[in-house]
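Trainee: Need coordinates for the below:
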Amino acid sequence: LSGCAKKDTETNAAMELYESYYTEVLNTKNYRESSDYFSISTEMTQLSDGTYRYYVIIDNPKTEMYHCRIFAVENDTAFADNDKMMPSLGIFDTDVSLVPNQVDKSKGLIIFPCELIFLNGHKLKETIYQYIELWNLGNEFKTWFEEACGVYATLVDRIVPGFPRKDIDAIKEKLQYDDNLVVQAEIFHLWVIEAPQKVAKEFPADKAGLNVLFVPSEAPYHERKVTLLNGPHTVLSPVAYLSGVNIVRDACQHEVIGKYIHKVMFDELMETLNLPKDELEKFANDVLERFNNPFVDHAVTSIMLNSFPKYETRDLPGLKTYLERKGELPKGLVLGLAAIITYYKGGVRADGAEIVPNDAPEIMNLLKELWATGCTKKVAEGVLAADFIWGEDLNKIPGLTEAVKADLDSIQEKGMLETVKGIL
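Mentor: The predicted structure is shown next:
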């Protein structure tokens, strides 16, 4: 309910009804704060001009109530002395009814989940169905959800390093506001939404200058982005950090690590995709340009969070496909896995910088126990056998256990940088 200024209105049946309700409510002496038949609440909101707006919310009917009339009177002011129209429903407008378990199938929701998982819309839809059952929302609600609502899978492609610690003081000074939620991001952005064009009309983001695509399937965009952007990110980070390099841009420009990144991206991961080669090469070169952004200091340690699940999603499929197509393991991806395992050993680098892995407790505990054995063979076998990480025993992949152990030994004996040189 909300009120408005009183307008010059000819006396008619509606106005007479309005006046009678006004007088009846004003003269009522007995009030109830609640009802057995519905819920009622109020909210007060301060507007930007300093005035206040209130809301009376009547909802959740417990029984069928038709042709309802709802009225509120402010400040005990007599009708003749009040220059404002009081909030009301069911007098000047159409009939109002409150009936339990009813839904308006013409009014639904368009839902875009943004979780960084493949087919996030499908996963969310499955979860919503589970909660419909769990909360006993009934068939009417389920029908409304199915017929009036849409849940659409999305893919976000944008490098977001996070809080700009180095420049935050200058940023706050420019904003003239103490904002601790500032997030740094690259200019490039892409949001792919798997939805029909009718949804695009409801969400015309392109008219705001945003790079939002509505497509029949997000799969090819997902595969390309996850494989050629996220895949290299996941393995370059431990390799770079254990080589003494802290920033993604510096890793790309490093005379050794840069070649490693190029090898993983162009010689290994690109060979596992089925899109046109020229299209893949263009995308990969664009990714390298984004990695080299001079205005974004993307710390490799920020990418290292949850490295094992990331490798399982982003790099393991490519490792398997490469082996299937080429008949040999991709050396760069194998070394990347060994680098992650080594990073999770913890400790300090040669320059004294701390190595602080961060992952699920069961993964952290496993790596701690395995490295405590002092045996790289047990470390390799134990990590690859962890089906709670991989969903399978990776020791069954021909040659992988031996290759990972050999890289672990080389990293321990020669250091990361020399080990990288050995596969280039």
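Trainee: drop to CA atoms for contacts and neighbour counts, all remaining ones
Mentor: Noted.
Trainee: What ranges does the stretch 101-250 of the chain have for its strands?
Mentor: For the stretch 101-250 of the chain, the strands defined by DSSP state E, counting those that start in this stretch occupy 110-111, 150-151, 154-157, 190-194, 212-215.
Trainee: Need the winner for burial among those.
Mentor: Between the strands of the stretch 101-250 of the chain, strand 154-157 has the highest mean count of neighbours, a mean of 23, where neighbours are mean count of other C-alpha atoms under 10 Å.
Trainee: now that one: mean pLDDT?
Mentor: Model confidence over strand 154-157, given as mean pLDDT, is 91.
Trainee: And stretch 121-133, by the same measure?
Mentor: Mean per-residue pLDDT for stretch 121-133: 96.
Trainee: For it, give me every contacting residue.
Mentor: With contacts defined as C-alpha atoms under 8 Å, 6 or more residues apart in numbering, stretch 121-133 is touched by 112-113, 138, 141-142, 151-154.
Trainee: how far is that stretch from where the chain is centred?
Mentor: When C-alpha coordinates are averaged (C-alpha atoms, centre = their mean, to the nearest Å), stretch 121-133 and its chain have centres 17 Å apart.
Trainee: List the buried residues in that stretch.
Mentor: Applying a neighbour-count criterion of 16 or more other C-alpha atoms under 10 Å, the buried positions in stretch 121-133 are 121, 124-125.
Trainee: for stretch 111-118, same thing?
Mentor: Residues 112-113, 117-118 are the ones in stretch 111-118 that count as buried (16+ other C-alpha under 10 Å).
Trainee: which among the residues you listed gets closest to Lys84?
Mentor: Set against Lys84, the nearest of these by C-alpha to C-alpha is Phe112 (41.8 Å).
Trainee: I'd say the closest one and Ala153 touch.
Mentor: Yes - proximity of Phe112 to Ala153 meets the contact threshold set by C-alpha atoms under 8 Å, at 6.7 Å.
Trainee: joint contacts of the two?
Mentor: Taking C-alpha under 8 Å, 6+ apart as the contact criterion, the common neighbours of Phe112 and Ala153 are 121, 193.
Trainee: Using a markdown table, please lay out the strands of the stretch 101-250 of the chain together with distance to Glu281.
Mentor: Formatted as a markdown table, the entries for the strands of the stretch 101-250 of the chain read as follows, by distance: least, C-alpha to C-alpha, whole Å:
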| stretch | distance to Glu281 |
| --- | --- |
| strand 110-111 | 34 |
| strand 150-151 | 33 |
| strand 154-157 | 17 |
| strand 190-194 | 18 |
| strand 212-215 | 21 |
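Trainee: To Val420, which of these lies closest?
Mentor: Ranking the strands of the stretch 101-250 of the chain by proximity to Val420 (C-alpha to C-alpha) places strand 154-157 first, at 28.7 Å.
Trainee: quick one: strands adjacent to the closest one?
Mentor: Taking DSSP bridges as the criterion, strand 154-157 forms sheet pairs with strand 190-194 (antiparallel).
Trainee: circling back to that earlier point, please name whichever of the strands of the stretch 101-250 of the chain is nearest to Pro361.
Mentor: Judging the strands of the stretch 101-250 of the chain by C-alpha to C-alpha, what sits closest to Pro361 is strand 154-157, at 27.9 Å.
Trainee: Please name the nearest non-neighbouring residue to Lys142.
Mentor: Across the structure, with C-alpha to C-alpha, 6 or more residues apart in numbering as the measure, the residue nearest Lys142 apart from its sequence neighbours is Ile132 (6.9 Å).
Trainee: How about Asp206?
Mentor: Val212 is the one closest to Asp206 (C-alpha to C-alpha, 6+ apart), at 6.1 Å.
Trainee: Looking at the one you found now. What's its pLDDT?
Mentor: pLDDT at Val212 comes out at 93.
Trainee: Kindly report the same for Cys149.
Mentor: At Cys149, the pLDDT value in this model is 94.
Trainee: now swap in Tyr31 and tell me
Mentor: At Tyr31, the predicted lDDT confidence score is 80.
Trainee: contacting residues around Leu273?
Mentor: Counting by C-alpha under 8 Å, 6+ apart, Leu273 makes contact with 223-224.
Trainee: I'd like the distance between it and Thr127.
Mentor: Leu273 sits 31 Å away from Thr127, going by C-alpha to C-alpha, to the nearest Å.
Trainee: can you check Val212 too?
Mentor: Noted for Val212: a distance of 26 Å to Thr127, by C-alpha to C-alpha.
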